[in-house]
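In: I'd like to go over a predicted model; first the sequence, then the structure.
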Amino acid sequence: MAGIPPLKRVLTDLSRIPHVQGVFVISKEGFTIESVTATGAFDEEALAAMLTAAMGSVEALGKELELGKPEIITVEFSGATTLVSDLGEHVVALVAERGAVLGRLRYELKKQLPRIRASL
Amino acid sequence: MSDKREIPTGTINTIVAMYQLALSKALGTGSAALTQLILRDATEIADEMLKNLGIELGDIGNLEKDIPKIFKLMGISSKVEVEVPKDATAVGSTYVIKVYDSIFKPVALLLQKRGIKFTLSPESFIAAYVIRKALRKRDIKANVRIQVEPMKSPKEPLVIKIIIR
């Protein structure tokens, strides 16, 4: 994968996990910085804004209830599973089909966070 | 007797401040992200609002003149300066809008004191909306992002940066 920017390379690695449909690095202002999608069928603008807002909302919840900072937000929709992790000024989001193994998604995402951080 | 009523500025500012506080409380840092989505999804409402004021955005041609004119017609501010970037359509180019006497200034100052970002700033939304509309006459996919500089003193203008992305 010579010539591929480091961030794109990490996201590509994550996108190879079975059933993963898309991986996104999003700024806290709600803009996609980098993404790799399997189908290309995402409204990335809306996804970026809504997932950033969701992360902000959970952060606010943690602060209000003194629960600490969120590490990973997992949302299981009827049609997909979404994981969002905080990276300070950014978030990384992973969208997978319901058939994906949740434990593997969480493990791989956590494992790749240092690489993503280093690539930003 | 006319049905037309004037709402006191203080009432409007209280409402705007309350909404901003609620949004910031609920969404924290995520409130800025939603502004971008509002910009995309509220075009019909914004069009209607401007139409009611007799402003047709199809006529927009000179942003340096048109943005101050719109702010004046809306009763938001009578002194607005617009710095148009050299390359007015290139990604990364920044339009700088300085609003000197905005009716929403007290909200900006109040939020600044509390350390809350004014992500619902009506001035920034209107400026971004008009610039985006003008850019889309050339490129249908043109988009912008909003950056509102923190307002430190009542003497300073509110500085809004609209960045093409």
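Out: The structure has been received and is ready for your questions. Numbering: from 1, shown residues only, chains lettered A, B, ... in the order given.
In: hey, let's count contacts and neighbours off CA atoms from now on
Out: OK.
In: what's in contact with the top helix by length along chain B?
Out: Determined from DSSP state H, the single longest helix within chain B is helix B:9-27. Applying C-alpha atoms under 8 Å, 6 or more residues apart in numbering or on different chains, the external contacts of helix B:9-27 come out as A:53-61, B:30-31, B:103-104, B:106-107, B:111, B:116-120.
In: now with 6 Å?
Out: Defining contact as C-alpha atoms under 6 Å, 6 or more residues apart in numbering or on different chains, one finds that helix B:9-27 is touched by A:Ala53, A:Gly56, A:Ser57, B:Ser31, B:Val107.
In: Report the secondary structure state of the last one.
Out: Translated: B:Val107. Here B:Val107 is recorded as helix under DSSP: H, G, I helix; E, B strand; the rest coil.
In: Next one: it from B:Met151, what distance?
Out: Going from B:Val107 to B:Met151 by C-alpha to C-alpha, to the nearest Å gives 10 Å.
In: Between these two, tell me which one has more neighbours.
Out: Ranked by neighbour count (other C-alpha atoms under 10 Å in any protein chain shown), B:Val107 and B:Met151 place B:Val107 first, with 22 against 19.
In: returning to what we had before: out of the contacts of helix B:9-27, who's nearest B:Pro8?
Out: Of all those, the one sitting nearest B:Pro8 is B:Val107; the distance, using C-alpha to C-alpha, is 14.2 Å.
In: mind listing what that closest one touches?
Out: B:Ala17.
In: where exactly do the helices run in the chain?
Out: As the question left the chain open, I've gone with chain A. Residue ranges of the helices in chain A, as given by DSSP H, are A:6-15, A:44-64, A:102-119.
In: right idea, wrong chain: chain B
Out: Counting by DSSP H, chain B has these helices, from start to end: B:9-27, B:31-41, B:43-52, B:63-73, B:105-114, B:122-136.
In: Can you add distance to A:Leu102 and mean pLDDT and give these back as TSV?
Out: Output for these, formatted as TSV (distance: least, C-alpha to C-alpha, whole Å; pLDDT from 0 to 100):
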stretch	distance to A:Leu102	mean pLDDT
helix B:9-27	26	92
helix B:31-41	27	83
helix B:43-52	39	82
helix B:63-73	50	91
helix B:105-114	40	91
helix B:122-136	40	90
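In: Between the ones you listed, which one is closest to A:Thr39.
Out: When these are compared by C-alpha to C-alpha, helix B:31-41 sits nearest A:Thr39, at 22.6 Å.
In: for the closest one, the distance to its chain's centre please.
Out: 12 Å (C-alpha atoms, centre = their mean, to the nearest Å).
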